[in-house]
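Engineer: sharing a sequence plus its predicted fold:
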Amino acid sequence: MDCIFCKIANKEIDSDIIYEDDKIIAFNDLNPQAPTHFLVIPKKHIASANYIDSSNVDIIAHIMMVIPKLAKELKIDNSGYRIVNNCGKDGGQSVDHIHYHVLAGRQLQWPPG
């Protein structure tokens with residue numbers, strides 16, 4: 001499989017890792033859209049939100065439990081942050097490996113722009 005996020009998770013590609021455990025990895029985005037912008041991905045390949053099922057929902061729940069802990073460590077929990085997951089090409093997903101963007105450090109508008 002030629003998945004850039006699997007390669008990051010397997011340490012085949014260097015990244016600025018801010019968190020890692022046996023299920024997930026979090027790293028700073030190479031093209032940040034906010035002063036704080038990191039990605040959280042499962043180490044197990046899940047193509048998108050369309051592929052969340054009973055065999056992997058525990059990983060997604062784990063991600064959602066870790067993000068607030070990282071927000072607190074990075075001191076962005078009080079001012080607020082956005083969690084973004086894009087699903088599919090028309091939804092803005094550019095890598096076919098589920099990932100969550102966490103953005104903070106400025107007031108974020110929706111839609112972005």
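Structural biologist: Now that the structure is in, tell me what you want to look at. Bear in mind that the values here come from a model prediction, so they are computed numbers and not experimental data.

Engineer: next, count neighbours for His97.
Structural biologist: The local packing of His97 (other CB atoms under 10 Å) involves 21 other residues. Heads up, the C-betas are built off the backbone N, CA and C, glycines and all.

Engineer: so what's it closest to, chain neighbours aside?
Structural biologist: With sequence-adjacent residues excluded and distances taken as CB to CB, 6 or more residues apart in numbering, His97 is closest to Phe5, at 3.8 Å.

Engineer: what's around that neighbour, how many residues?
Structural biologist: Neighbours around Phe5, by other CB under 10 Å: 22.

Engineer: got the phi and psi for it?
Structural biologist: Phe5 has phi and psi values of phi -70, psi -30 when expressed as degrees, to the nearest 10.

Engineer: how about the one 4 residues further on?
Structural biologist: Torsion angles at Ala9 (phi, psi; degrees, to the nearest 10) stand at phi -60, psi -30.

Engineer: now do Asn28
Structural biologist: Per-residue torsions, Asn28: phi -70, psi 140 (degrees, to the nearest 10).

Engineer: just checking, it touches Asp16?
Structural biologist: Yes: with contact defined as CB atoms under 8 Å, Asn28 reaches Asp16; the gap is 4.1 Å.

Engineer: ok, Ile59 - contacts?
Structural biologist: Taking CB atoms under 8 Å, 6 or more residues apart in numbering, we find Ile59 in contact with 23-24, 42, 44, 46.
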